[in-house]
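Colleague: Sharing a model prediction with you, sequence too.
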Amino acid sequence: MAAFDDGTPLDAAALQDLDRRLVEVKALIPTVGSAVEKQTGDLKNSLVELKAKQIVGGISGEVKLSPGKNTPFTLTFSGVTGTPTAVILTPIRSSDIPAVFSYAVDEKTLSNSKVQCRAYLNSGAKAGFSLYFYYILIVQ
């Protein structure tokens, strides 16, 4: 291998050797998505690059949670060209959320105009509270 030492003039052989080694290193870097897909054989568990036809976002209506209760809420949207393949929810509130809660999307209710979701507030919560959800829909 050609070495690069301070004060030594660069020559064509050293630069070509460096270029060849960079190409070898680049070839060894795995593409994460295809490697995961090959291992699992399942596109849902893959980290492939997202190529979406449409990405739509919005905000839900107010969702009022009560301790120990499962609260259904519906996200409605328009202008979506197909059934979304993914729904991403992020809870928002102007002050701290005082207790542990969980939320989920009911995949069976997913359509190009709405989806049913649920939020559950831990029964150990001292009081209920209201919040909203930002959502992002991905249509592939």
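Modeller: Looks like it came in fine. Not measured: the values here are computed from a predicted model.
Colleague: in its sheet, what does the longest strand seen in the chain sit against?
Modeller: In the chain, taking DSSP state E as the definition, the longest strand is strand 129-139. Its sheet considered, strand 129-139 pairs with strand 54-59 (antiparallel), strand 63-65 (antiparallel), strand 86-92 (antiparallel) by DSSP bridges.
Colleague: Please state the offset of the shortest one from the chain centre?
Modeller: Using CA atoms, centre = their mean, to the nearest Å, we find the averaged C-alpha position of strand 63-65 to lie 24 Å away from the chain's own average C-alpha position.
Colleague: May I see the buried residues of that strand?
Modeller: The neighbour-count check on strand 63-65 (16 or more other CB atoms under 10 Å) flags 63, 65 as buried. The way it works is simple: take the backbone N, C-alpha and C, and place the C-beta from them, glycine included.
Colleague: The next helix or strand after it - contacts with which helices or strands?
Modeller: Once strand 63-65 ends, the next helix or strand along the chain (criterion: DSSP states H and E) is strand 70-76. Here strand 70-76 touches strand 63-65, strand 114-121, strand 129-139, going by 3 or more CB pairs under 8 Å, 6 or more residues apart in numbering; DSSP states H and E.
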